[in-house]
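Asker: Below are the sequence and a predicted model for it; my questions follow.
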Amino acid sequence: MSGSTTFDGTSNRSISVTVNNDSHDHTTLKEKSNITYGWTGLQMMDQSGNGGTGLNGAAPTNPTDAWWYHMILNHANNEGYYFDIAANFHSDDLRFRRNTAGALGSWQRIFADNYHPNADKLTTARTISLAGDASGSISFDGSANKTLTVTIADDSHNHTIANVDGLQTALNGKLASGATAVAASKLATARTISLTGDASGSTSFDGSGNASISVVVNNDSHYHSQVYIQDTRGAVRAPSYYPDRYVSFDFQQNTDTGAGNDQWHVLQTINKWSSYNIAHRQEQLAYTGGNIKHRIASSDSAWGSWKTLAYTSDNVASATKLATARTISLGGDASGSITFDGTANKTLTVVVNNDSHTHDGRYYTESESDGRFGRLASANTWTTTNTFNGTVNFRGAVDLADNDVLRMGSGDDVEFHFNGSAFYTDLNGGYDWYIRDGNSSNANRFWFKSDEGTFYATGAMYASSNQRVFADNYHPNADKLTTARTIALSGDATGSVSFNGSANVTIAVDVNTATWADTVDVNTSSSTSFFNICWHSGDTLYSSNGTVQIRPSDKYMKFGGAQFSGEVELYAGAQLHDNDYLWFGTGKDVEFFCNGSHMYTDLNSGIGNWYIRDGSTNRFTFDDAGHFTASGEVYAYSDARLKSNVVHIEDALDKVMQLNGYTYDKKRSLDDTKTSRETGVIAQEVERVLPEAIRVDANDEDRILSVAYGNMIGLLIEAIKEQQHQIQSLQERVVVLEAA
């Protein structure tokens, strides 16, 4: 029950009382006997009406073909008036229907408190207004609770003492109406004195003694044009001394602050959140009288070093960049210049003027000169061992004596020397020696393999009189074989002839009556490591001449320049070795290869996307801009059994506030000039607050940062929860303020 009125005892008052729904129970009804319903059957009410309860499974009387409880309120005049409420035996479905003058209405659903499909909000907001002795109004559409401010009109009504229960008894023996008590030692009823507005606090007061109120001034309730700084000298204060989420001022001596300058310092300290965290460190400014200094906490118990703040017109001891870029120029015997602003290291190219200066030995003693420069003991002979870090240019000959060694490589890997009778090249450590053409491609032309004792050449070798030199296994221009060979025919034909290459020969062929279905093995060279594919036309046998070969020892077939218009089926698999390519497209547009460490797919110039399809439907897409698209969901393992060291993300909302969303033009690499318009975050910003969401390819020399956007979901969830706590706290404050 609720209701209120103002009462000063001068007249009668009436209180408008509102009885809360479901706040009490009734066991009887006025002018009725107790309501008693049976579990089965039907029991009638007395007097003008009757009712009953029952469990009915007959479909014609039920809302659906199921068992229903029924409660029926029936008019006793037998004119066909009754009200039927039915509850489903197996669910919370509740329905009713009305019979009016014999016309039975349809069943209507009754909804529970937690489900009002047609009443969550009024279609048209209504204004609730008070009239008469009270005024006030409010707009109400049912979407939220509302509070109506009521104003009772002054002198709008009266109350007589007789109409106020107990008032006459309370007034008996009291002061007469209209009289005033001159003094009292104590109030009959202690009163509570409360503070509102910019401060809160309360105390109980009955006049028997003085009372004190503990006052709490509300945050952000008022303003000050000045801040008084207390004298708090004589202590060194750690970052944890200062209260959370406050800006504090204190007065300290320079021996406590360690900031120098005047004896007395004023400190301004900002504690952004709670205890020290790398994401919200305490910061402090010191007003020293000479300049302003700044420092940041390195832990809850220690401060970092002081840094002096400088005005734009001041000189500073160090800076990351000059306000004005300067040009550094060389004069005198050398020339050169460079623009320098301090943001990066610079290299200045120096040109020393020809004939601009001289050198002599007067600046060094002889021993100093010997120590600094390799001295020549005699013409063209070094006496000391020296290391030259640059390029040494010799305008004349370099003369190495017998057994003197010219070495190359940091580990003396290659040595050249002459022992007086023979010239040697030592390839230490099993290295090979390549002789290259010196062009831009630096192609290998000759090389010596030290572990095999083999010499290779990309071209032909010639002896005297321009005669070519060939290896034992290759004599393309020999006039005669060292050993004459017999060429014999077998299979579908027979015949033989002795052949040494000195002249043409003819074989008398006797063709057998066997058919060409028999196997014919033909080796068109002296090597047994491979066989050329042969075919016949009539009585003529043709060889592929190396275009198509079978190499049993190497276990592969060679198709040199051959083009197949049909399909090639592989039943035992195919193996490509390291850096062997599998190409697609007439222009080798797409290539697959493995370099021994990684597998690569190259979409060469002009190729847009790589699709993985289900039949003709694209399921996965890799495009040339580095985007991946899947027609379904992309899942990542997140099972708790796979995870350890699970820690809640703290200060999530503060971390999110340090991130920013952008739209931008992004290129695929540092050297790329092509860009695409995208949206997202900056990896460096994410790395500062959530490094676990950053990935770097270990093989990427540029160390390009990538963001695992899915790994940021946990941060966003915790930030929303923190924000929801703040909203709930603010809502509670609003309720308190509205009720005040």
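Answerer: Nice, I can see it.
Asker: quick one: secondary structure of the nearest residue to residue 628 once chain neighbours are set aside?
Answerer: Residue nearest to residue 628 in three dimensions, not counting chain neighbours: residue 622, with 5.7 Å by C-beta to C-beta, 6 or more residues apart in numbering. (Each C-beta comes from the backbone N, C-alpha and C, glycine too.) Under DSSP: H, G, I helix; E, B strand; the rest coil, residue 622 falls in the strand class.
Asker: beta partners of residue 622?
Answerer: Here residue 622 sits in beta bridges with residue 610, residue 628, as judged by DSSP bridges.
Asker: Next, count neighbours for it.
Answerer: Using other C-beta atoms under 10 Å, residue 622 has 15 neighbouring residues.
Asker: What of residue 267?
Answerer: Counted with other C-beta under 10 Å, residue 267 comes out at 23.
Asker: how many other residues sit next to residue 412?
Answerer: Neighbour tally, residue 412, other C-beta under 10 Å: 12.
Asker: ok, the residue nearest to it when sequence neighbours are not counted - contacts?
Answerer: Residue nearest to residue 412 in three dimensions, not counting chain neighbours: residue 428, with 6.6 Å by C-beta to C-beta, 6+ apart. Going by C-beta atoms under 8 Å, 6 or more residues apart in numbering, residue 428 touches 411, 412, 413, 414, 415.
Asker: Of those, which belong to strands?
Answerer: Using DSSP state E, the subset of the contacts of residue 428 located in strands is 414, 415.
Asker: Let me know the closest of the contacts of residue 428 to residue 502.
Answerer: Nearest to residue 502 among the contacts of residue 428 is residue 414, at 46.9 Å by C-beta to C-beta.
Asker: partner residues bridging that closest one?
Answerer: residue 408, residue 427.
Asker: okay, residue 302: pLDDT?
Answerer: The model reports residue 302 with a pLDDT of 91.
Asker: My error: substitute residue 462 in the last question.
Answerer: Residue 462 carries a pLDDT value of 57.
Asker: pLDDT averaged over stretch 636-656 - what is it?
Answerer: On average, stretch 636-656 scores 90.
Asker: And stretch 351-365, by the same measure?
Answerer: 63.
Asker: Where do the domain boundaries of the protein fall?
Answerer: 49-110, 239-308, 399-459, 477-549, 582-630, 648-723 (automatic domain parsing).
Asker: just flag whichever of the ones you listed has the lowest average confidence.
Answerer: Across these, the lowest-scoring stretch is domain 477-549, with a mean of 67.
Asker: just to revisit the earlier point, out of the domains of the chain, which is the most enclosed?
Answerer: domain 239-308 (a mean of 16; mean count of other C-beta atoms under 10 Å).
Asker: can you give me the end-to-end distance of that domain?
Answerer: Distance across domain 239-308, first residue to last, is 19 Å (C-alpha to C-alpha, to the nearest Å).
Asker: before we move on, back to that, of all the domains of the chain, which lies closest to residue 155?
Answerer: domain 49-110 (47.7 Å).
Asker: Would you state the helices of the stretch 151-300 of the chain in chain order?
Answerer: Secondary structure of the stretch 151-300 of the chain (DSSP state H, counting those that start in this stretch): helices at 167-171, 254-257.
Asker: Kindly reformat those as TSV containing distance to residue 594.
Answerer: What follows is these, written out as TSV (distance: least, C-beta to C-beta, whole Å):
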stretch	distance to residue 594
helix 167-171	102
helix 254-257	64
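Asker: separation between residue 326 and residue 348?
Answerer: Distance of residue 326 to residue 348, computed by C-beta to C-beta, to the nearest Å: 13 Å.
Asker: now do residue 267
Answerer: Taken as C-beta to C-beta, the span from residue 267 to residue 348 is 45 Å.
Asker: Residue 703 too?
Answerer: Going from residue 703 to residue 348 by C-beta to C-beta gives 29 Å.
Asker: and what of residue 499?
Answerer: 77 Å.
Asker: Residue 205 now?
Answerer: Taking C-beta to C-beta, one finds residue 205 at 85 Å from residue 348.
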